[in-house]
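Student: 3D, please:
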Amino acid sequence: MSDRNQRHADTVAVITGGAQGVGLAIARQLAAEGCRRLVLAGRDAAKGETAVAELSGLGCSVRFVPLDLQDTDACLGLIDSAVAEFGTVTALVNAAALGARGTLVDTSVELWDQMFDTNARAPFFLMQGFVRHRLARGGGGHIVNILSNCAHCGQSYLAPYSGSKGALATLTKNVANAYRFDRIHCNAILPGWMDTPGEDATQRRFHGATDGWLERAEAGQPMGQLAKPHQLAKLASYLLSDDAGVMTGALIDYDQNIPGAYPE
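Tutor: Sure, this is the predicted structure:
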């Protein structure tokens, strides 16, 4: 295995959702392992500025790009913008997503379109731009898509969300298969319930959560915690590195609850 603290010295990464939560945690981990060129994309410019200041303090050259994932042209332009800034891109992380609620019977056409445009179409065209760039450079490169354990099924109130993540799971395998001879790796992580700023907002908005909800939720989990972004980030960093070897097309469940298991 390469020197862990420097294995990303040559990595140039684009991370959507990079201003908070999982995306920012992955950016921090890459920086800790030698990455010095990062493009973060997201909706919140203020959070983007904060993330840029933090990572710049670690010695990184960082650019934040405001991005609406429902804007396909903007998604297509993100890789070009990163290449213009740093000369190349070697890694793409699709971490941003929309997590609104909707059941089969109450989901509107508008919500369905927003969900799939954000969670499936945007990653598709971001991967398109990335793969085109890597092919022009002779191949190589790594993609990590952040999915959800809901891709296996999901709760009743996550019908369109689960469907969009299932679509991205299939796309992950399709891209991996199509470009494996070009040494372009495409893998995905499927986290379960996570402790993120976005989850806090979601719990309060949709489920009436109050202060202390996280502690109460964690008390009922098998390992006494929700999954943490900084923990998942170490796995993502591995998948984005040459240490992952030939691994591609993998859908990795990242949770303490096991899909397909039933109460004893």
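Student: doesn't His230 belong to a strand?
Tutor: No: read with DSSP: H, G, I helix; E, B strand; the rest coil, His230 is helix and lies in no strand.
Student: what about Val65, which SS state?
Tutor: Under three-state DSSP, Val65 falls in the strand class.
Student: right, and it touches Leu78 too?
Tutor: Yes: using CB atoms under 8 Å, Val65 is in contact with Leu78, at 6.1 Å. Where C-beta positions appear, they are placed from N, C-alpha and C, glycine not excepted.
Student: residues that sit against both of these two, list them.
Tutor: Common neighbours of Val65 and Leu78 are listed as Val39, Ala41 (criterion: CB atoms under 8 Å, 6 or more residues apart in numbering).
Student: looking at those two, which has the bigger crowd around it?
Tutor: Set side by side, Val65 and Leu78 show more neighbours around Leu78, with 24 against 19, by other CB atoms under 10 Å.
Student: what ranges does the stretch 151-264 of the chain have for its strands?
Tutor: Applying DSSP state E, counting those that start in this stretch to the stretch 151-264 of the chain gives strands spanning 184-191, 251-254.
Student: same question, the stretch 1-150 of the chain
Tutor: Along the stretch 1-150 of the chain, the segments classed as strands by DSSP E, counting those that start in this stretch run 12-16, 37-42, 61-66, 91-94, 141-146.
Student: what comes up buried for the lowest-mean-pLDDT helix or strand in the chain?
Tutor: Least confident helix or strand of the chain, by mean pLDDT, DSSP states H and E, is helix 197-207 with a mean of 86. Within helix 197-207, the residues that count as buried by 16 or more other CB atoms under 10 Å are Gly198, Glu199.
Student: and stretch 164-175, by the same measure?
Tutor: In stretch 164-175, counting by 16+ other CB under 10 Å, buried: Ser164, Lys165, Gly166, Ala167, Leu168, Ala169, Leu171, Thr172, Lys173, Val175.
Student: from the residues you listed, pick the one nearest Leu214.
Tutor: Lys165 (22.9 Å; CB to CB).
Student: chain neighbours aside, what residue packs nearest to that closest one?
Tutor: Ala151 (4.0 Å; CB to CB, 6 or more residues apart in numbering).
Student: so who does that neighbour touch?
Tutor: Shown in contact with Ala151 (CB under 8 Å, 6+ apart): Ser162, Lys165, Gly166, Leu168, Ala169, Leu190, Leu251.
Student: can these go into a markdown table with extra columns for pLDDT and distance to Leu240?
Tutor: What follows is the contacts of Ala151, written out as a markdown table (pLDDT from 0 to 100; distance: CB to CB, whole Å):
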| residue | pLDDT | distance to Leu240 |
| --- | --- | --- |
| Ser162 | 97 | 26 |
| Lys165 | 98 | 20 |
| Gly166 | 98 | 23 |
| Leu168 | 98 | 17 |
| Ala169 | 98 | 18 |
| Leu190 | 98 | 17 |
| Leu251 | 98 | 16 |
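Student: farthest-apart pair in those residues, please.
Tutor: Pairwise distances across those peak at 14.2 Å for Ser162 and Leu251 (criterion: CB to CB).
Student: who has more neighbours out of the two?
Tutor: Ser162 (22 against 18).
Student: ok now the helix ranked longest in the chain, how far from the chain's centre?
Tutor: Identified as the longest helix of the chain according to DSSP state H is helix 159-178. Distance of helix 159-178 from its chain centroid, counting by CA atoms, centre = their mean, to the nearest Å, is 13 Å.
Student: equivalent analysis for stretch 204-213, please.
Tutor: In this view, stretch 204-213 has its centroid 24 Å away from the chain centroid, taken as CA atoms, centre = their mean.
Student: give me the contacts around that stretch.
Tutor: Outside stretch 204-213, the residues that reach it (CB under 8 Å, 6+ apart) are Ala100, Arg101, Tyr157, Asp200, Gln203.
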